[in-house]
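[1] okay, predicted coordinates and the sequence, questions at the end:
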Amino acid sequence: MSIYKRRERIKQIINETEVNTQGELARLLSLEGYSVTQATVSRDIKELGLVKEKGKVLNYRYAMPDRLQKVSEEKVIPLLKTFVSSITVAKNLIVVKTLEGHGSACGMAIDKLSLKGVLGSIAGDDTLLIVADSDETAEYVQLTIKGTLGI
């Protein structure tokens, strides 16, 4: 089966079922005849841009990014409080450290705050880099995020 069919099936699975680990997703795909390893599923998750969000049954589940974009600001702040561990400024850059596996979700959540002067962000597994339009804006963004999170 093709990589594209597998990835489409992954999207269907996470929309139908709460899945919170790569191993569980690999097991569900294997039951349907897909020959996958955890490493393959990890690459698929990265390519699809899947994020983790609060589940209804499970604590957290994989979801497509557009699902998180529909979340209101009231739901974004608890997500950030849960996963952000530190925020540091270096000139016009803000480095946000998160718990492992939550950099992308926190990036989308911070984007949801629509902070003025933010040019963009890049997320990794446990780090988010935010680019501000000036050093002063970066300080403002850091203080705003810290104030919002109470840290």
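    Great, that's in hand. Numbering: from 1, shown residues only.
[2] show me where this protein has its strands.
    Along the chain, the stretches classed as strands by DSSP state E are 51-54, 60-63, 84-90, 93-98, 118-123, 127-132.
[3] which elements pack onto the second one?
    Which is strand 60-63. Applying 3 or more Cβ pairs under 8 Å, 6 or more residues apart in numbering; DSSP states H and E, we find strand 60-63 packed against helix 3-16, strand 51-54. Backbone N, C-alpha and C define where each C-beta goes, glycine included.
[4] tell me the domain ranges of this protein?
    3-67, 73-149 (automatic domain parsing).
[5] quick one: these as TSV, columns for mean neighbour count and mean pLDDT too.
    Shown next, in TSV, are the domains of the chain (neighbours: other Cβ atoms under 10 Å; pLDDT from 0 to 100):
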stretch	mean neighbour count	mean pLDDT
domain 3-67	15	89
domain 73-149	17	90
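[6] re earlier: to Arg43, which of the helices and strands packed on strand 60-63 lies closest?
    helix 3-16 (9.3 Å; Cβ to Cβ).
[7] what sits up against that closest one?
    With contacts defined as Cβ atoms under 8 Å, 6 or more residues apart in numbering, helix 3-16 is touched by 19, 25, 28-29, 32, 34, 36, 41, 44-45, 47-48, 50, 61-64.
[8] do stretch 114-134 as well
    92-104, 106-108, 110-111, 137-138, 140-141, 144-145.
[9] could you list which of those belong to helices?
    With DSSP state H as the criterion, helices contain 103-104, 106-108, 110-111, 137-138, 140-141, 144-145 from among the contacts of stretch 114-134.
[10] among those, which pair sits farthest apart?
    Farthest-apart pair in those is Ser104 and Tyr140; separation 23.8 Å (Cβ to Cβ).
[11] find the nearest non-adjacent residue to Lys91, please.
    With sequence-adjacent residues excluded and distances taken as Cβ to Cβ, 6 or more residues apart in numbering, Lys91 is closest to Asp135, at 5.2 Å.
[12] wait, isn't the one you found in contact with Asn92?
    Yes. Asp135 lies in contact with Asn92 (Cβ atoms under 8 Å); the separation is 5.2 Å.
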